[in-house]
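Chemist: I'll drop the sequence and a predicted model, then ask my questions.
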Amino acid sequence: MEKFVQIEAVGQTFDTKKGKFVALRDIDLTIKQGEFIALIGHSGCGKSTLLNLIAGLTRPTTGVLLCDGREIGGPGPERAVVFQNHSLLPWLTCFENVYLAVERVFGAKEGKAKLKERTAAAISLVGLDHASSKYPHEISGGMKQRVGIARALSMEPKVLLMDEPFGALDALTRAKLQDELMKICEATRATTVMVTHDVDEAVLLSDRIVMMTNGPAATIGEILEVKLPRPRERLTLAHDPAYIDYRAAVLEFLYEKQAHVEKMAA
Amino acid sequence: MSAMTMSGDFGLEKPVDRSTSSQPVAEVAAEPAKEKKMEKAATLAVAETGTPIGEKLGAFGRAILPPVLGLVVLIGLWYVATHKGGSIPGPVQTWDAAVALFSDPFYRNGPNDQGIGWNVLSSLQRVGIGFGFAALVGIPLGFILGRSAFLSAMVNPIISLLRPVSPLAWLPIGLLVFKKADPAATYTIFICSIWPMIMNTAQGVQRVPQDYLNVARVLALSEWKVVTKILFPAVLPYMLTGIRLSIGTAWLVIVAAEMLTGGVGIGFWVWDEWNNLKVEHIIIAIFVIGIVGLILEQSLILLAKKLTKESS
């Protein structure tokens, strides 16, 4: 499947009090099945906007988005989203949060026992068997984010969309979850699009890094193909000259070519 | 600002350094911490049995003393103001009357002469029925208005117009429609209870975090699931606030409504005792109304605490 997700001439304009605000313009991107894409750019460059467009949570002003040959007309469980702030329902346990998703996707075809089995499997995939009957406020931020990932994976989505999933976590927890995510993606061959502002995360996880220019009217600046062999291991990569080159290329894009963002903000 | 946080992420050593003191360590440390807590509890228990009961009594006194003192001052002022005689009875007279009254709260000498217990109960019954209907209509209506911006814009001006109207102004219409005093009084309770219920429920629905609704959209949940799994639990605290406000207003209004409609009820009883010039009974009624209102309010606060604890 060469063209699994197609984004063609997509632009997004918001109506604000000050008039029209062009957030995105001329976005063209094709994502292959099983590919891991990172969207990187300065804050306010519209990477989350683009992710929401793929999710179907918002509709593009111009252009068209296709997933598996069909137009994306709205949100749906075949494009699961891991939200930035985990978005677990606080009145449901971890198990129930995941079960809600499993029941929605497989409830029509499968019995209760099978649904529960799927839920338990998703929770143990992220290593949270011991916390499955706990409520979100009883567990740490990293664990909440893992439940969010479990909920997304449990739906067996065609595309996994992640909006800065590890942004709010401390570095050690983040590294651990990145490693876990890498394993899960290699095992499930999930097509993944991840918004991030972390250069190391982008290089470590991605097959391609889509670098976005600064907003307003942001678009794709460069696309960097990361040809590091898998499975990747963060410690050995730290000294790998290829890894260092990729990292430098992203940094160069962000801080030389797109550096004026600070001046604009000031 | 973003550059600052980013450069922090780039330095490989730095983040590792930073994180040694944070979460995972805390996770590992959770077990010993628990033990420590238990130890602490144990030493506390020892300390408690060791120190005299005086300290416990002291804490109890600090909580109880001010309200008791307030009550004593109130009764003292009342006594001073009335001890020279006059039309308003003093605390002693009122106490004697109360003892006589509460020795037989549930007597029945015909429809217009019943014990205070029956009067309070029939007032509570009216409030219960009127309030129940208001909840039955108001809460679903609040949900609908919260979900639909169009309907909300359509109905809100009407609500804003009617809400400040005293529910007693509706009483003649109630009498006209129901042709009887009793349902008319219940109907005024319905009218006054329904506004806070609609407004608070609608506000709660509008304030459901967008994140939760996005989850619902991504999962493409059915409207039924959205209501039961997301909206209802998220709105529950707001709904309970509406219920508490409604009950408070309803209990205020029932006294006035019953004064006008007659029959059995604490409001009618106040009016009846005024006609009999038993002023000490009116003072007793004021206390009874106050205490019942307090109990209603407090039990709803308790219920809200229990329910929101379970759901959060």
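Modeler: Thanks, I have the structure now.

Chemist: what does the strand or helix carrying residue A:23 rub up against?
Modeler: Under the assignment given by DSSP states H and E, the secondary-structure element containing residue A:23 is strand A:19-31. Strand A:19-31 is touched from outside by A:2-15, A:37, A:46, A:49-50, A:53, A:63, A:159, A:191, A:193, A:210, A:215-220, A:223, with contacts defined as C-beta atoms under 8 Å, 6 or more residues apart in numbering or on different chains. C-beta here means a position set from N, CA and C on the backbone, and glycine is covered the same way.

Chemist: Could you list the low-confidence segments of chain B?
Modeler: Low-confidence segments of chain B (pLDDT under 70): B:1-52, B:309-312.

Chemist: I should have written the stretch 101-250 of chain A there, sorry.
Modeler: Across the stretch 101-250 of chain A (using pLDDT under 70), nothing gets flagged, so there are no ranges to list.

Chemist: on that earlier part again, can you give me the buried ones in the strand holding residue A:23?
Modeler: For strand A:19-31, the buried set under the neighbour-count rule, 16 or more other C-beta atoms under 10 Å in any protein chain shown, comprises A:23, A:24, A:25, A:27, A:29, A:31.

Chemist: As TSV, those with distance to residue A:241 would be great.
Modeler: Rendered in TSV, the data for the buried residues of strand A:19-31 read as follows (distance: C-beta to C-beta, whole Å):
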residue	distance to residue A:241
A:23	37
A:24	35
A:25	36
A:27	32
A:29	29
A:31	28
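
Chemist: SS state for the most centrally placed residue in chain A?
Modeler: What sits nearest the mean C-alpha location of chain A, by C-alpha atoms, centre = their mean, is residue A:162, with 2.0 Å. Secondary structure assignment for residue A:162 (DSSP: H, G, I helix; E, B strand; the rest coil): strand.

Chemist: what's near enough to touch it?
Modeler: Residue A:162 sits next to A:51, A:81, A:82, A:149, A:152, A:192, A:193, A:194, A:195 when contact means C-beta under 8 Å, 6+ apart.

Chemist: follow-up on the earlier one: which ones among the contacts of strand A:19-31 lie within helices?
Modeler: Residues from these lying in helices, with DSSP state H as the criterion: A:49, A:50, A:53.

Chemist: Surely the first one is in contact with residue A:12?
Modeler: Yes: contact status for residue A:49 versus residue A:12: in contact at 5.6 Å, counting by C-beta atoms under 8 Å.

Chemist: Assign residue A:230 to helix, strand or coil.
Modeler: With three-state DSSP as the criterion, residue A:230 was assigned coil.

Chemist: Could you check how far it is from chain B?
Modeler: Residue A:230 sits 21 Å away from chain B, taking C-beta to the nearest C-beta, to the nearest Å as the criterion.

Chemist: Ramachandran angles for that residue?
Modeler: Note on residue A:230: backbone dihedrals following degrees, to the nearest 10 are phi -110, psi 160.

Chemist: Helix or strand for the closest residue in space to it that isn't next to it in sequence, just tell me which one.
Modeler: With C-beta to C-beta, 6 or more residues apart in numbering or on different chains as the criterion, residue A:230 has its nearest non-adjacent residue at 6.2 Å, and that residue is residue A:186. Here residue A:186, judged by DSSP H and E, is contained in helix A:171-188.

Chemist: related to what we said a few turns ago, what is in contact with residue A:49 and residue A:12 at once?
Modeler: With contacts defined as C-beta under 8 Å, 6+ apart, the residues shared by residue A:49 and residue A:12 are A:23, A:24, A:58.

Chemist: all strands of the stretch 1-150 of chain A, in order?
Modeler: Taking DSSP state E, counting those that start in this stretch as the criterion, the stretch 1-150 of chain A contains strands spanning A:5-16, A:19-31, A:36-40, A:62-67, A:70-71, A:79-82.

Chemist: Can you tell me what sits against stretch B:199-213?
Modeler: For stretch B:199-213, the surrounding residues in contact (C-beta under 8 Å, 6+ apart) are A:83, A:85, A:87, A:89, B:138-139, B:141-143, B:145-147, B:152, B:159, B:163, B:226, B:230-231, B:234-239, B:241-242, B:245.

Chemist: Just the buried ones out of those, please.
Modeler: In terms of neighbour count (16+ other C-beta under 10 Å), the buried residues within the contacts of stretch B:199-213 are A:83, A:85, A:87, A:89, B:138-139, B:141-143, B:145-147, B:152, B:159, B:226, B:230-231, B:234-239, B:241-242, B:245.

Chemist: Find the nearest non-adjacent residue to residue 258, please.
Modeler: Because you didn't say which chain, this covers chain A. Beyond its immediate neighbours in the sequence, the residue positioned closest to residue A:258 (C-beta to C-beta, 6+ apart) is residue A:214, lying 5.2 Å away.

Chemist: meant chain B actually
Modeler: The shortest distance from residue B:258 to any residue other than its chain neighbours is 2.9 Å, reached at residue B:267 (C-beta to C-beta, 6+ apart).

Chemist: do residue A:11 as well
Modeler: Excluding the flanking residues, the one nearest residue A:11 by C-beta to C-beta, 6+ apart is residue A:62, at 4.2 Å.

Chemist: At the contact with chain A, which residues of the stretch 101-250 of chain B appear?
Modeler: With C-beta under 8 Å from any C-beta of the partner chain as the criterion, the stretch 101-250 of chain B meets chain A at residues B:211-212, B:214-215, B:217-221, B:225, B:229-230, B:233-234.
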